[in-house]
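*Asks:* just to be clear, the model below is a prediction. Sequence and coordinates:
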Amino acid sequence: MSALGSHFIEEDGMKEGKGLDQLLQATTLNRRHLLKRAALIGVSAPLFGSLLAACGEDDDEPEAPVDEPDDDDDDEPDVDDDTDEEVDEPDDDTDEEPVDEADEADRFGGTLRVAIIGEPPAFDPTFTTATVTSNTTWHVFESLFYRDEEFAPQPMLLSSFDVDDEGVEFTFYLREDVAFHNGDIMDADDVIASLERYATLSGRGRTLWERVDNVEKIDDLTVSLTCSEPTGIMPVYLSMTDAMVIPAEAAEGSPDDELADTIGTGPYMLGERLADRYTSLVRFDDYAALEGSPDGYGGRKVAYFDEIRFIPVPEISVRADGLITDEFDYSEQISTDQFASLEAEPDVNIQITLPYYFTCAHFNKSEESIMSSHDLRMAFLTAMNAEPAARAAFGDEQFFRLSPAINAPETAWHTTAGEENYSINDPDRARELLEEAGYDGTPIRWITTQEYGYMYNTALVYSEQLEAVGVEVDLQVMDWATLVATRSQRDAWDIFVTGHPTFNHPVLQVFLDETWPGWWDSEQKDELISGIMGEPDPDVQMEYIEELQQLIYDDASFMMTCEYAEFRAYRNRLAGYQEPADWFFWNAWFEE
């Protein structure tokens, strides 16, 4: 089982899996391991501090044994402290047993039916930050880097890369003969056009490109990128799905809108999209797989299924029932109320993933919304009681953790800064603050969806709490795709609930971009992000991170509820599935 996700409940006769403690230890990087990984991806040692600051630090070894790849052996090549010379990437030498070719041939075939929460609002992860888009499209698109099973960036479409000692000059060496789905071979022109689109369209891309001075083609397989200041965190950004590489023609043809042509380099390619019925992906026979073994969200990828069908199923109960009746092979976002019934099914496996996401209610802070008032937002925070909202959304406390933190306690970036403004639950003081803010009874437009049950249930509880202190709430229920479209309109809403990863580096959070719905425009926030991105000392960087989380609460940017585990399930004939935090189905097959 992968370190990316796991069942974590092993008592009361429930299915066994890797223990939570072992899982969580496996997802935290330590200094020794990262030093060795720096050698593997061709990073010079003087830049190590900057990369360490980007990926986090934990000097302590895990108390429990954690399976690690054999690239942690003592005979790894040393890094030359005095040069930028490229370090050859060693052969992947893992403990996994090689798969017999005849046995592997038996894995190919079949159609995987995946029940997802609804129609993806777009099939373009650079255009939208919706998780359902990211999780479906990364079967089709790939980035220069991927995240390994410890969430550290590793070369995906690169053979290697160099960085100068200051962390300013990056040189990317592309892999040869990587084919796009249209048969063209990826080259430097495609990478540059893709990065330019990323820098324009993605919130994270815009943040990163504030530090980029120049991107230049050296030759067909080499790209140079120059920053204005140290940016050791560059590979972390470029390992995310929104930094995907697509043909130059596709990037230039849709510079500021959803892709017109869905062409990537991934193991699957788009077959057809039938709105509200399914999105079909089919195997890309000319996929240029990495050598070696699977590794987290990358490494060697094999498309064993002939087809993957992502079927939008907005009704939560239907997603669960369809597993029992064998209508689906995999279902996401299942209600915890159905845990017992699915646990009792002999042909169904359950997956509970933690750390996963935190959920919060975002305020529309643009001038077009009444929630642009900081005093009014603070009144709402003061009225909120997170625990009943968390229980309504996720049921038993084994499925959530009450906390003000935007990063899980198992990560290197966890802090409780701002906790004094978390779940204050003081209705009397909230009424006073509402009066001081001059609230006049204007209805608060809370948009929500039942496709994500936790969003709807959270909205119900918080609406009751607000109404109890004198706030009028206009609860507007819509499908997820409509909500995503509505939240992009500054004058159309005031509050909505969503979730964000607790395992990613904090600067990757999409809500930090002032153009993301919520429109958090703060000079202090921008200065802190810049400090985090360029600071080589991990202790100083952590001070910036603590200040950033404190600012989130001081500005009343959103109302935090809790960190939550996602409940998923699948038919037990699905083999090779790694139970990651964000699901994928390359390297998975049917075992009848």
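*Replies:* Yep, that arrived. Numbering: from 1, shown residues only.
*Asks:* which residues touch the most centrally placed residue in the chain?
*Replies:* With distances taken as C-alpha atoms, centre = their mean, the chain has Pro501 as the residue nearest its mean C-alpha position (5.5 Å). If a contact means C-beta atoms under 8 Å, 6 or more residues apart in numbering, then Pro501 has Tyr356, Tyr357, Leu508, Gln509, Ala581, Asp582 as its contacts. In short, each C-beta sits where N, CA and C put it, glycine included.
*Asks:* show me what contacts the closest residue to the last one other than its chain neighbours?
*Replies:* Once flanking residues are discounted, Asp582 sits nearest to Asn135: 5.5 Å by C-beta to C-beta, 6 or more residues apart in numbering. Listed by C-beta under 8 Å, 6+ apart, the contact partners of Asn135 are Ile116, Asp582, Trp583, Phe584.
*Asks:* now the helix or strand encompassing Asn135 - C-alpha only, PDB.
*Replies:* Counting by DSSP states H and E, the element that carries Asn135 is helix 131-137. What follows is helix 131-137, C-alpha atoms only, in PDB (Å, rounded to 0.1, in the frame of the first residue of the first chain):
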ATOM      1  CA  THR A 131     -10.400  18.900  -7.600                       C
ATOM      2  CA  VAL A 132     -12.700  16.800  -9.800                       C
ATOM      3  CA  THR A 133     -11.100  18.400 -12.800                       C
ATOM      4  CA  SER A 134      -7.500  17.900 -11.500                       C
ATOM      5  CA  ASN A 135      -8.100  14.200 -10.600                       C
ATOM      6  CA  THR A 136      -9.700  13.300 -13.900                       C
ATOM      7  CA  THR A 137      -7.400  15.300 -16.200                       C
END
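*Asks:* Provide the secondary structure category for the nearest residue to Gln450 once chain neighbours are set aside.
*Replies:* Among residues not flanking Gln450 along the chain, Tyr456 sits closest, at 4.7 Å (C-beta to C-beta, 6+ apart). What DSSP: H, G, I helix; E, B strand; the rest coil gives for Tyr456 is helix.
*Asks:* compute the distance between the closest residue to Trp519 other than its chain neighbours and Thr133, please.
*Replies:* In this structure, Trp519 finds its nearest non-sequential neighbour in Ser366, 4.3 Å apart by C-beta to C-beta, 6+ apart. To Thr133, Ser366 is 23 Å away according to C-beta to C-beta, to the nearest Å.
*Asks:* which residues touch Ser463?
*Replies:* Going by C-beta under 8 Å, 6+ apart, the list of residues near Ser463 reads Trp446, Val473, Leu475.
*Asks:* list the buried residues for the helix or strand where it lies?
*Replies:* Assessed by DSSP H and E, Ser463 sits inside helix 453-468. If you call a residue buried by 16 or more other C-beta atoms under 10 Å, then helix 453-468 has these buried ones: Gly453, Tyr454, Met455, Tyr456, Asn457, Thr458, Ala459, Val461, Tyr462, Ser463, Gln465, Leu466.
*Asks:* isn't the fifth one right next to Ala390, touching?
*Replies:* So that's Asn457. No: look at Asn457 against Ala390 with C-beta atoms under 8 Å: they stay out of range, at 9.6 Å.
*Asks:* picking that back up, any idea which of the contacts of Ser463 is closest to Gly534?
*Replies:* Trp446 (38.2 Å; C-beta to C-beta).
*Asks:* next one: phi and psi at the closest one?
*Replies:* Trp446 adopts backbone torsions of phi -100, psi 110, taken as degrees, to the nearest 10.
*Asks:* now do the contacts for the residue nearest to it when sequence neighbours are not counted.
*Replies:* Excluding its sequence neighbours, the residue lying closest to Trp446 (C-beta to C-beta, 6+ apart) is Ile495, at 4.6 Å. Residues in contact with Ile495 (C-beta under 8 Å, 6+ apart) are Ala361, His362, Phe363, Asn364, Met371, Ile444, Arg445, Trp446, Ile447.
*Asks:* what about Met542, distance to Thr222?
*Replies:* If you measure Met542 against Thr222 using C-beta to C-beta, the figure is 35 Å.
*Asks:* out of those two, which sits in the busier spot?
*Replies:* Shown here are Met542 and Thr222; by other C-beta atoms under 10 Å, Met542 has more neighbours (19 against 16).
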